[in-house]
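Student: sequence unavailable; structure follows:
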């Protein structure tokens, strides 16, 4: 006969649950980052949110073997556990401190750690929606793409590891060596930002090209960022104004010798001292003579005029 009291007693024994051990391994992917950059982040005077964002952007860029990428606030929010509004606010602060750089829709960590500054943190509370609200300014957020598209395809052969990011249609081509520089005063610049010019630099370059066309009508359109960059460099190196540059080129363009030898801002800068010296010589102002004018075609109206 069973003992009812004994039957109703449950064994005093804890339930054993199978706990999955989580061990990280580089075979599952790793991030290449310069030690100096990691040390700069570790020693930077950042808030907890800002530090989370810096590490998240490192993961979303260098983790895919890229310097910059199109990364939505939603992806950073999911990675860090922060709200999208707080991500947007901290991102603005990091941009203002030059810790992050943005070029169009691309964003990444600024490798020039000496340019980071923490004395003036941008106050953006009036620019970002309150945490209670659910909307953020469209100008400050990027289109949200599926976070699952940020994946790394790797081979366990360490010598043949391939990285790719399908986020926002970005290709898996090898990344550029440098993050594109943002030039606040640039009216035109190359994709890398290494050559650029202001609006006045570009205007002077266009004026010079119009004069070149008078001498050589078949001249092809120049590389405008390079020409504007040459104008800017000439101004800084020669300590001259746009007007002075145009005046010297105008003189060279009207000179019988120099008009075919100075056909670009770079050449103008190279011959600057010679041109300035010759401009100041009273007898050196040589307009194009009739001998240098192109001869009329033998079968043109002008050629037959004196014959008939």
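Tutor: Here it is on my side, so go on. Predicted model only: the values in this text are computed from it and were never measured.
Student: the longest helix in the protein is where?
Tutor: Secondary structure of the chain per DSSP state H: the longest helix is helix 199-215.
Student: who are the packing partners of the very next helix or strand once past that helix?
Tutor: Next in sequence after helix 199-215, counting helices and strands by DSSP states H and E, comes helix 224-238. In terms of contacts (3 or more CB pairs under 8 Å, 6 or more residues apart in numbering; DSSP states H and E), helix 224-238 is packed against strand 188-189, strand 196-197, helix 199-215, helix 242-254, helix 265-270. Just so you know, the C-beta spots here come from the backbone N, C-alpha and C atoms, and that holds for glycine as well.
Student: list the buried residues for helix 224-238?
Tutor: By neighbour count on 16 or more other CB atoms under 10 Å, the buried set for helix 224-238 is 224-235, 238.
Student: quick revisit: who are the packing partners of the longest helix of the chain?
Tutor: Taking 3+ CB pairs under 8 Å, 6+ apart as the contact cut, helix 199-215 packs with helix 224-238, helix 242-254, helix 265-270.
Student: including mean neighbour count, distance to residue 97 and mean pLDDT, could the helices and strands packed on helix 224-238 go into a markdown table?
Tutor: Conversion of those to a markdown table gives the following (neighbours: other CB atoms under 10 Å; distance: least, CB to CB, whole Å; pLDDT from 0 to 100):
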| stretch | mean neighbour count | distance to residue 97 | mean pLDDT |
| --- | --- | --- | --- |
| strand 188-189 | 20 | 23 | 88 |
| strand 196-197 | 24 | 23 | 92 |
| helix 199-215 | 18 | 28 | 93 |
| helix 242-254 | 18 | 34 | 93 |
| helix 265-270 | 19 | 36 | 94 |
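Student: doesn't residue 78 make contact with residue 60?
Tutor: No - assessed by CB atoms under 8 Å, residue 60 is found out of contact with residue 78, at 10.9 Å.
Student: save the helices and strands packed on helix 199-215 as TSV, and put in distance to residue 84 too.
Tutor: What follows is the helices and strands packed on helix 199-215, written out as TSV (distance: least, CB to CB, whole Å):
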stretch	distance to residue 84
helix 224-238	36
helix 242-254	46
helix 265-270	47
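Student: mind checking which of the ones you listed is nearest residue 113?
Tutor: helix 224-238 (26.0 Å; CB to CB).
Student: and the contacts of that closest one?
Tutor: Helix 224-238 has contacts (CB atoms under 8 Å, 6 or more residues apart in numbering) with 187-190, 195-198, 201-202, 204-206, 208-209, 240-242, 245, 264-266, 268-269, 272.
Student: picking that back up, the longest helix of the chain versus helix 242-254: what angle between them?
Tutor: Angle, helix 199-215 to helix 242-254, by axes from the mean of the first three to the mean of the last three CA atoms, to 10 degrees: 10 degrees.
Student: any chance you could list what contacts helix 199-215?
Tutor: Outside helix 199-215, the residues touching it (CB under 8 Å, 6+ apart) are 187-188, 197, 219, 221-222, 224, 227-232, 235, 242, 245-246, 249-250, 253, 259-260, 263-265, 268.
Student: now with 7 Å?
Tutor: Contact with helix 199-215 is made by 187-188, 219, 222, 224, 227-228, 231-232, 242, 245-246, 249-250, 253, 259-260, 263, 265, as judged by CB atoms under 7 Å, 6 or more residues apart in numbering.
Student: do the same with stretch 33-41
Tutor: For stretch 33-41, contacts defined as CB under 7 Å, 6+ apart pick out 54, 58, 62, 109, 111, 113.
Student: among these, name the ones in strands.
Tutor: If you go by DSSP state E, the contacts of stretch 33-41 have residue 109 in strands.
Student: grab the nearest non-local neighbour of residue 91.
Tutor: residue 53 (6.2 Å; CB to CB, 6 or more residues apart in numbering).
Student: that neighbour touches residue 90, doesn't it?
Tutor: Yes - with contacts defined as CB atoms under 7 Å, residue 53 counts as touching residue 90 at a distance of 4.9 Å.
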